[in-house]
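*Asks:* Kindly return the folded structure for what I paste below:
(2 chains)
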Amino acid sequence: MTPASLLPKNLTSKVLVSKSFKVTGRHVLPGFALSLGISLLFISLVLLLPLSGLLIEAAGMNWADYWAVVTDPRVMASYQVTLLMALGASLLNGVVGLLLAWILVRYTFPGKRLIDALVDLPFALPTAVAGITLATLFSAQGWYGQGLAKLGIQVAYTPLGILIAMLFTSLPFVVRNVQPVMEDLNSGDEEAALSLGAKDWTVFRRVIFPALWPALVMGVVLSFIRSLGEFGAVIFIAGNMPYLSEVTSLMIFVRLQEFDYAAASAIASVILMASLVLLFAVNIWQTRYLKRLKGSQ
Amino acid sequence: MSIQIKQISKQFGDFQALKPLDLTINEGELVGLLGPSGSGKTTLLRIIAGLETADQGQILFSGKDVTNLHVRDRKVGFVFQHYALFRHMTVAENIAFGLDVLPKKQRPTKATIKQQVAELLDKVQLSHLANRYPAQLSGGQKQRIALARALAMQPRVLLLDEPFGALDAKVRKELRRWLRNLHDELGFTSVFVTHDQEEALEVSDRVVVMSQGQIEQEATPQDLYQQPASRFVYDFLGGVNVFEGEAASLKSNRLEQGKAWVAFPDGHKAEAGQLYLRSHELSLSNQPSAIAHLPLKIKAVSLIGAEVRVELEPLGWQSQDLWDITISHSEYNLWQPQRGNTCYAHPQAGQLFASNTEHQPRPINWQQGFALIKTA
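*Replies:* Predicted coordinates for the structure are as follows:
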């Protein structure tokens, strides 16, 4: 017998739910249609429409022109330097971000909350400010630059500078992706592994790390995608020498300066496609991985 | 392997989780640590395992001091309430984990590990689930896999922290019997933590009741049930009715509260205190008797189960809780008490805690002195 059938007939939902509050479907709070509508409108206006505009602009070119623009040797060189530096920066951030998330979640120490807040600084700071600051620091007369110059390392106005700028702007992605997952880790898993005789490093490698892996990959990929498109922070420190330290987003800017909107859109479309494909691929992979972990609900 | 706990204590901040306590667990014994939450039972278990370190005291396994031994070197099997299975590993990989992480020299070959995993899966009767992931298992299956994983290391001590706490009633019953059989078959020393007195009494060889970081009583399930050593144990085991009263006069054998009274059998002097009476240590009739005048009003009658459970409210006297008395179905059929009826309770056996004492109650038995008056 269901609880409802235990109630007298006249005491069913009619009386328990007042007339003014009409429950639609099986949801307690109404408004699915309205909230979905607003969300879709917002996404269309803010995200999809500008992107379509970009693609339409690029579509104005014929295929041969498009191909010529996006495979221009100078642009190709920019792809190379952007991809390599973004890859380096996101991998480095993967390591440092994981470590940072680890100490923020696992330990208490004075200044922990300050560090936790500082992690978001790259999000809050205008990227141009970051770029100028980094350029000053790493220039030959800067605090870091002086020391590094003695070692024969030049950071400012080289691809290495691009890497530093990308590191700075994309650090929060890894930390903020990994941190909540790490907080939710079940301490029982680690204790179980220890009681089965596992060494500390084995526990990390075989029990903790696989649980963090999806979030870490997501963080690294987001950080990579962010780095691909980074402009403000990079151009101040990169030096922007053709074929050497020009990033792709700068190439777009250069084309815009030449009033060649179609070419700018064409190059932009390449970055857009790369980012989208990567984002979707990682999302699909992550969903599959988590499905195995959490069952197929 | 025997376990000896000597003067172990533990403090978390301001909270004294364990006051210095001693306990010896014999080889091959199955001991239940029973107590409410916050009584320190889980802390004690975790200290035995090495997952927690004691502030003071010593732990000995078969006479060998293991107090400062790391959990990974104590070689105990530990089973967690929420299973703690590795979610990204299959069932077989989970069970093999302990063998897989052995140092190279001690590690069995891949084939041996595979065979041992198969044997363990067979033992827990889940061979068909070897390649599933934990998320695809039910709670009972998960806990059996967790047990198989612990057993893979062939521990001489198995520690279980509320192993059945997260399971539903039917699976719980099934699993605790299964655990008991497994324990008898493999002969390791087991300690398990529970807050369920029925579970502790059914499974254990010996039950250790804990409260506020101390051991209240350690006894076999029979002794514990028949002779609870303190008010706390009585209350915790449950199913007890309390009559609080004072001696009618100086040499009287009557314990009374207002107009209600209980007369003790010959040779027992009444003194102010609480009389603890289990629900099956009382009989019920529609007339008072020579041994007691305890009028009660029937609040509810439950006919479900092997016995009839009657819930009663004191009539003209006070009791903190409603009384519960169980009578047989045949007795019920004799006079069919109904809700709202007035009836009288007659004690057959009970224990008297004198006022302001927590321990050592005085057992009182009416069946020897008085001929019990049954109502027809």
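
*Asks:* quick one, what contacts the closest residue to residue A:226 other than its chain neighbours?
*Replies:* Closest residue in space to residue A:226, ignoring its immediate chain neighbours: residue A:170 at 4.5 Å, by CB to CB, 6 or more residues apart in numbering or on different chains. For glycine as for every other residue, the C-beta is placed from the backbone atoms N, C-alpha and C. By CB atoms under 8 Å, 6 or more residues apart in numbering or on different chains, the contact list for residue A:170 reads A:89-90, A:93, A:122, A:222-224, A:226-227, A:230.

*Asks:* Same question for residue B:179.
*Replies:* When contacts are counted by CB under 8 Å, 6+ apart, residue B:179 touches B:147, B:160, B:163, B:190, B:192, B:203.

*Asks:* for the chain, which residue is closest to the average position?
*Replies:* Looking at chain A here, since you left the chain open. Central residue of chain A (CA atoms, centre = their mean): residue A:222, 2.4 Å from the mean position.

*Asks:* Are we agreed that that residue is in a helix?
*Replies:* Yes - assessed with DSSP: H, G, I helix; E, B strand; the rest coil, residue A:222 lies in a helix.

*Asks:* Count the neighbours of the closest residue to residue B:230 other than its chain neighbours for me.
*Replies:* Distances taken as CB to CB, 6+ apart put residue B:359 closest to residue B:230, at 4.8 Å, once the chain neighbours are dropped. Residue B:359 has 13 neighbours, counted by other CB atoms under 10 Å in any protein chain shown.

*Asks:* So, low pLDDT: which residues of the chain?
*Replies:* No chain specified, so I'll use chain A. For chain A, the stretches with pLDDT under 70 are A:1-28, A:295-297.

*Asks:* Actually, chain B is the one I wanted.
*Replies:* B:368-376.

*Asks:* Please, where are all the helices along the stretch 101-250 of chain B?
*Replies:* For the stretch 101-250 of chain B, the helices defined by DSSP state H, counting those that start in this stretch cover B:110-123, B:139-151, B:169-186, B:197-203, B:221-226, B:231-237.

*Asks:* Show me which residues of chain A are close to chain B?
*Replies:* Contacts of chain A with chain B, taken as CB under 8 Å from any CB of the partner chain, map to A:186, A:188-189, A:191-199, A:202, A:206-207, A:210-211, A:292-296.

*Asks:* Give the full set of residues in contact with residue B:119.
*Replies:* Contacts of residue B:119 by CB under 8 Å, 6+ apart: none found.

*Asks:* again, only this time at 10 Å
*Replies:* B:95, B:127, B:148, B:151-152 (CB atoms under 10 Å, 6 or more residues apart in numbering or on different chains).

*Asks:* With residue A:80 instead?
*Replies:* Residue A:80 neighbours (CB under 10 Å, 6+ apart): A:159, A:243, A:248.

*Asks:* returning to that earlier point: mind giving me CSV with the contacts of residue B:179 and columns for neighbour count and distance to residue B:58?
*Replies:* Below are the contacts of residue B:179 laid out as CSV (neighbours: other CB atoms under 10 Å in any protein chain shown; distance: CB to CB, whole Å):
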residue, neighbour count, distance to residue B:58
B:147, 24, 29
B:160, 26, 23
B:163, 26, 27
B:190, 27, 21
B:192, 26, 22
B:203, 24, 28
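
*Asks:* Closest one to residue B:70 out of these, please.
*Replies:* Using CB to CB, residue B:160 comes nearest to residue B:70 of the contacts of residue B:179, at 20.5 Å.

*Asks:* right, and that closest one touches residue B:189 too?
*Replies:* No - Residue B:160 is beyond contact range of residue B:189, at 11.8 Å (criterion: CB atoms under 10 Å).

*Asks:* Would you mind putting the CA coordinates of stretch A:108-117 into CSV?
*Replies:* Taking C-alpha atoms only, stretch A:108-117 is exported to CSV below (Å, rounded to 0.1, in the frame of the first residue of the first chain):
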residue,chain,number,x,y,z
THR,A,108,46.2,24.4,6.8
PHE,A,109,48.9,27.0,7.0
PRO,A,110,49.1,30.7,7.7
GLY,A,111,48.1,32.6,4.6
LYS,A,112,46.2,29.8,3.1
ARG,A,113,43.1,31.9,2.4
LEU,A,114,45.3,34.6,0.9
ILE,A,115,46.9,32.2,-1.5
ASP,A,116,43.5,30.7,-2.3
ALA,A,117,42.2,34.2,-3.2
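
*Asks:* neighbouring contacts of it?
*Replies:* Contacts for stretch A:108-117 (CB under 10 Å, 6+ apart): A:100-101, A:103-105, A:118, A:124, A:175, A:179.

*Asks:* Give me the subset of the residues you listed that lies in helices.
*Replies:* A:100-101, A:103-105, A:118, A:124, A:175, A:179 (DSSP state H).

*Asks:* List buried members of those by neighbour count.
*Replies:* A:100-101, A:104-105, A:175, A:179 (16 or more other CB atoms under 10 Å in any protein chain shown).

*Asks:* residue contacts, residue B:3?
*Replies:* Residue B:3 touches B:23-27, B:29, B:31, B:48, B:59-62, B:66, B:76, B:156-157, B:159, B:189, B:191, counting by CB under 10 Å, 6+ apart.

*Asks:* 8 Å instead?
*Replies:* B:23-25, B:48, B:59-61, B:157, B:189, B:191.

*Asks:* what's it sitting at in phi/psi?
*Replies:* Phi and psi for residue B:3, reported as degrees, to the nearest 10, are phi -120, psi 130.

*Asks:* Throw the helices of the stretch 101-250 of chain B into JSON lines and include distance to residue A:67, thanks.
*Replies:* Below are the helices of the stretch 101-250 of chain B laid out as JSON lines (distance: least, CB to CB, whole Å):
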{"stretch": "helix B:110-123", "distance to residue A:67": "53"}
{"stretch": "helix B:139-151", "distance to residue A:67": "57"}
{"stretch": "helix B:169-186", "distance to residue A:67": "65"}
{"stretch": "helix B:197-203", "distance to residue A:67": "74"}
{"stretch": "helix B:221-226", "distance to residue A:67": "84"}
{"stretch": "helix B:231-237", "distance to residue A:67": "81"}
